[in-house]
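Novice: Got a sequence here, can you model it:
(one chain, ligands or ions: 2)
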Amino acid sequence: GQFSLAVVPECDSTNSRLMETPADDDGRIAVLAADRQTAGRGRRGRSWLSWPGAGLTFSLRWHFMPAPHMPAGLSLVVGLAVARTLEELGVEGVQLKWPNDVLIHGKKLAGILVELSSSRGRPPAAVIGIGLNLRLPADAQVESATGVTDLAACLAAPPGPNRLLGLLLGQLHHFLDLYAAAGFPALRAAWQQRNAFADLPVRIFGEAQELAGTCAGVDDDGALLLDTPEGRRRVLSGEVSLRLA
Ligand code: ATP
Ligand code: BTN
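Specialist: Residues are numbered from 1 along each chain as shown. Ligands and ions are numbered 1, 2, ... in the order given. Model (predicted):
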């Protein structure tokens, strides 16, 4: 079908813009990319840092049919689409860190922020935001538990932002279609193949919970499974952080 795409020189946050702009009446997909974000966001009010020309920052509005299992696992599916795009480009060592980071050999290359918006009389929508480092400035200071990396460190001839956006939109289209048709269970194995912390000792930090255990993958809802001395625990993707123990 039809869709609209806009690339703007600057905005506060492409996620914020799509969250606050009503969808077109026919619910078309909308993509907004910014050369520069002045207030890029991660989860829990944290920021996504970027420098002009140093990365790709964009958001996609995606409408889905309400169903009991939707949108469980969506941010994991988006991670998979990013991972496949990178693999298609020949990047090695692509891993996914639950729930929303893309790592290369353990360092963070990209972050994903999925937010839900619903307006009366329309199917619910997800605003899917992706920030990906292309070439970080030498003096970039990013505080991160994993360390950070950029695509220039992984490829001799990294693609420019426009080509990368095109490739990502193609993979997102593919994976979101699959997800809409069959839900997360159909993609769970592909996610687990790339799980950065598979079978490793990890800790979960959250508002109320702190858990330690061995990472046993994810379940059909995309919840993280932890094997603890007290048995298997499920952690729903929410306001929690995951670290290697
Ligand atoms: P956690 O692992 O604690 O759950 P997260 O990695 O999922 O955190 P958010 O909580 O969404 O991330 O917050 C975004 C985080 O991304 C920031 O706290 C910062 O550490 C990191 N970050 C910000 N800008 C960049 C960047 N350009 N490249 C890599 N990492 C970045
Ligand atoms: C994370 O690191 O956990 C999430 C970072 C998400 C960053 C992207 S950049 C495009 C979109 N707009 C935002 O403000 N955030 C997302």
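
Novice: Excluding chain neighbours, what is closest to whichever residue of the chain sits closest to ligand 1?
Specialist: Residue nearest to ligand 1 within the chain: residue 42 (2.4 Å; CB to the nearest ligand atom). For glycine as for every other residue, the C-beta is placed from the backbone atoms N, C-alpha and C. Nearest residue to residue 42 in three dimensions, chain neighbours excluded: residue 48, at 5.2 Å (CB to CB, 6 or more residues apart in numbering).

Novice: got the contact list for the one you found?
Specialist: Taking CB atoms under 8 Å, 6 or more residues apart in numbering as the definition of contact, the neighbours of residue 48 are 37, 40, 41, 42, 57, 111, 113, 131.

Novice: These in strands, which ones?
Specialist: Counting by DSSP state E, the members of the contacts of residue 48 that fall within strands are 37, 57, 111, 113, 131.

Novice: The residue nearest to residue 140 when sequence neighbours are not counted: neighbour count?
Specialist: When the adjacent residues along the chain are set aside, residue 140 lies closest to residue 51, with 6.7 Å between them (CB to CB, 6+ apart). Using other CB atoms under 10 Å as the criterion, residue 51 is surrounded by 14 other residues.

Novice: Let me know whether residue 51 touches residue 136 as I believe.
Specialist: Yes - when contacts are counted by CB atoms under 8 Å, residue 51 is listed as touching residue 136 (7.2 Å).

Novice: And the pLDDT for the residue in the chain positioned nearest to ligand 2?
Specialist: When scored by CB to the nearest ligand atom, the chain has residue 111 as its residue closest to ligand 2, at 2.1 Å. If you check residue 111, the pLDDT there is 97.

Novice: Can you name the residues that contact it?
Specialist: For residue 111, the contact set (CB under 8 Å, 6+ apart) comprises 42, 48, 100, 101, 102, 130, 131.

Novice: Looking at those, state which has the most neighbours.
Specialist: The residue in those with the most neighbours, by other CB under 10 Å, is residue 130 (29 neighbours).

Novice: Once you drop chain neighbours, what's closest to it?
Specialist: Nearest-residue entry for residue 130: residue 112, 5.6 Å, with adjacent residues in sequence omitted and distances by CB to CB, 6+ apart.

Novice: cool, residue 72 as well?
Specialist: What sits nearest to residue 72 in space, not counting adjacent residues and going by CB to CB, 6+ apart, is residue 221, at 4.2 Å.

Novice: correct me, but the one you found touches residue 236?
Specialist: Yes - with contact taken as CB under 8 Å, residue 221 and residue 236 are classed as touching, separated by 7.5 Å.

Novice: Check whether the longest helix belonging to the chain comes into contact with ligand 1.
Specialist: Identified as the longest helix of the chain according to DSSP state H is helix 161-182. No - with CB under 6 Å from any ligand atom as the criterion, ligand 1 is not reached by helix 161-182; the gap is at least 13.9 Å.

Novice: On the C-terminal side of that helix, identify the next helix or strand.
Specialist: Toward the C-terminal end, the helix or strand that comes next after helix 161-182 (DSSP states H and E) is helix 188-193.

Novice: the strands in the protein, which residues?
Specialist: So, for the chain - with DSSP E - the strands run 3-11, 29-37, 55-63, 94-97, 101-104, 107-117, 125-133, 201-206, 210-218, 224-228, 231-235, 240-244.
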